[in-house]
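Q: Quick one, what's the 3D model for this:
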Amino acid sequence: MPAPGLYIHVPFCSKICPYCDFAVLTGGREARARFVEHLLAEIALWAPERSAFDPIDTIYFGGGTPSALEPEEIARILAAAREHLSVAGDARVFFEANPEDVTPGSVRAWRELGVRFLSLGIQSFDEEALRFLGRRHTAEEAQGSVELARGAGFDTVSIDLIYGLPDQPFDVWQRTLEAAAALRPDHLSCYQLTIHEGTPFGFRLERGKLAELPEHAQADLFTFTHTFLRDAGWPGYEVSNFARSPEHRSRHNRKYWDHTPYLGLGPSAHSFSGSRRWWNEKRLGAWEGKVAAGDRGLAGSEELTAADLALEALMLGLRTAEGIDLSRFRERYGVDLMKRNEPLVERLAVEGLLSVEDGILVPSLAGFAVTDSLARAFGLGDG
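A: This next block holds a predicted model:
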């Protein structure tokens, strides 16, 4: 079993993007300082159970905008984690940042803190798209942030991009991918725009002021993205993630995909022990109140049955280029996928959606595009 991971949610952004449905808010220096103090307290509350996550070999700062915190605050958080939790000496630190926070001083400070994987929230290299998405940086600033990060010596520099914007011409997305490739990042994450209820985009959708792309257009963009990046040297290793070589794949995110235990700290953070999942209060005030009372900020939990875990493993495995090791799946979840679904697998193979190679169920690019419906077609009964 791979080593556990630690996720730390930083809930602050200087501006809330209209598509965002994460637990984020704007907040000044005092609010951020208060959050850090409560986070340090939450870390200490987990000390008695440090053996349940031993040894932690990845620490991921997500959000929100982790780069909204001062380097000194990040240093205090890392020090507390190493003091109270079982953090391996060579644990990899992953850090999300917005382009406007990337300066020669900031990248130097993050490198000195041990950050090895830096993910930049670029989203687009097109000015009109950036305005539509509510981003604060320009295309020029986005390019400069990647160049600064690459020159700072991080092991992996990753950029996030969003595609599938309503009415966006196809060639705008193509030019964005070309601009990204020209900067030679080590890793890319490309997400299709999803409009969530309760967000500004969601309200606009309800009022008929915004429309999602038709499914066929979404599928065309998905296929083009994977094909373009594969041919340019960044093969997709997961539905939304691309790396120019295996060592640049996200070791932390893989823990979510293969049921490796992880501990989540901060408001809205989720944790997983192997059979149980729990989550923290989403609202910052509620989380701070519970942490202050000494109960770790928890909001709820659930026990996962063997069937629950098998279904999750099937859905997550079909999202990765590595696919599903049928023997390991049978040993871990007690389900023989081939025996239970042989006619289905044969039909899907004929349709070009997956294949079985050396005992591994491998989705094709066409299968990647319909991975959720693909997983729902499988039966997971006994045998």
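Q: Quick check: the gap between residue 268 and residue 25.
A: To residue 25, residue 268 is 11 Å away according to CB to CB, to the nearest Å. Just so you know, the C-beta spots here come from the backbone N, C-alpha and C atoms, and that holds for glycine as well.
Q: out of those two, which sits in the busier spot?
A: Set residue 268 next to residue 25 and count neighbours by other CB atoms under 10 Å: residue 268 wins out with 21 against 14.
Q: In a strand, the more buried one, correct?
A: No: according to DSSP: H, G, I helix; E, B strand; the rest coil, residue 268 belongs to no strand; its state is coil.
Q: Next, it: phi, psi?
A: Backbone geometry at residue 268, expressed as degrees, to the nearest 10, gives phi 70, psi 0.
Q: Hmm, it is touching residue 282, no?
A: Yes: at 4.4 Å, residue 268 counts as touching residue 282 under the criterion of CB atoms under 8 Å.
Q: Can you spell out the domain ranges of the chain, please?
A: Per the record, the chain has its domains at 5-256, 306-376, by automatic domain parsing.
Q: Now render the ones you listed as JSON lines, adding mean pLDDT and distance to residue 262.
A: Shown next, in JSON lines, are the domains of the chain (pLDDT from 0 to 100; distance: least, CB to CB, whole Å):
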{"stretch": "domain 5-256", "mean pLDDT": "96", "distance to residue 262": "4"}
{"stretch": "domain 306-376", "mean pLDDT": "95", "distance to residue 262": "14"}
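Q: Among those, which comes closest to residue 297?
A: domain 5-256 (5.9 Å; CB to CB).
Q: Just the endpoints, please. Distance across the closest one?
A: Its first and final residues considered, domain 5-256 spans 9 Å by CA to CA, to the nearest Å.
Q: from the chain's centre, how far out does that domain sit?
A: Relative to the chain's own centre, domain 5-256 is displaced by 7 Å; criterion: CA atoms, centre = their mean, to the nearest Å.
Q: Need phi/psi at residue 183.
A: Dihedral angles for residue 183 - degrees, to the nearest 10 - are phi -80, psi -10.
Q: and it, how many neighbours?
A: 18.
Q: Residue 10 now?
A: Using other CB under 10 Å: residue 10 sits among 26 other residues.
Q: same thing with residue 110?
A: By the criterion of other CB under 10 Å, residue 110 has 25 neighbours.
Q: Name the nearest residue to it, sequence neighbours excluded.
A: residue 95 (5.9 Å; CB to CB, 6 or more residues apart in numbering).
Q: re earlier: for residue 268 and residue 25, list the residues in contact with both.
A: By CB atoms under 8 Å, 6 or more residues apart in numbering, residue 268 and residue 25 have these common neighbours: residue 11.
Q: Mind listing the shared neighbours of residue 268 and residue 282?
A: When contacts are counted by CB under 8 Å, 6+ apart, residue 268 and residue 282 have residue 23 as shared neighbours.
Q: Wait, a strand at residue 72?
A: No: under three-state DSSP, residue 72 sits outside any strand and is assigned helix.
Q: how much space between it and residue 333?
A: From residue 72 across to residue 333, the span is 45 Å (CB to CB).
Q: Compare these two (neighbour count), which wins?
A: Counted by other CB under 10 Å, residue 72 and residue 333 do not tie: residue 333 has more neighbours, with 20 against 10.
Q: hang on, the more buried one packs against residue 312?
A: No: the pair residue 333 / residue 312 is not scored as a contact, 9.5 Å apart, by CB under 8 Å.
Q: Now do the shared contacts for the two.
A: Common contacts of residue 333 and residue 312 (CB under 8 Å, 6+ apart): none found.
Q: Any figure for the gap between the most centrally placed residue in the chain and residue 281?
A: For the chain, the residue sitting closest to the mean C-alpha position, by CA atoms, centre = their mean, is residue 253 at 6.1 Å. According to CB to CB, residue 253 and residue 281 sit 24 Å apart.
Q: try residue 216
A: 41 Å.
Q: More neighbours: which of those two?
A: Between residue 216 and residue 281, counting by other CB under 10 Å, residue 281 is the more crowded of the two (21 against 8).
Q: residues in contact with the nearest residue in space to that one that is not next to it in sequence?
A: Excluding its sequence neighbours, the residue lying closest to residue 281 (CB to CB, 6+ apart) is residue 287, at 4.1 Å. The contact partners of residue 287, by CB under 8 Å, 6+ apart, come to 38, 266, 267, 268, 280, 281, 297.
Q: Throw those into a markdown table and include distance to residue 194, thanks.
A: Formatted as a markdown table, the contacts of residue 287 follow (distance: CB to CB, whole Å):
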| residue | distance to residue 194 |
| --- | --- |
| 38 | 30 |
| 266 | 23 |
| 267 | 22 |
| 268 | 18 |
| 280 | 23 |
| 281 | 24 |
| 297 | 27 |
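Q: list the buried ones in stretch 28-48?
A: For stretch 28-48, a neighbour-count test (16 or more other CB atoms under 10 Å) marks 32, 35, 36, 38, 39, 40, 41, 42, 43, 45, 46 as buried.
Q: Kindly indicate which of these lies nearest residue 329.
A: Distance to residue 329 across these (CB to CB) is lowest for residue 46, with 31.2 Å.
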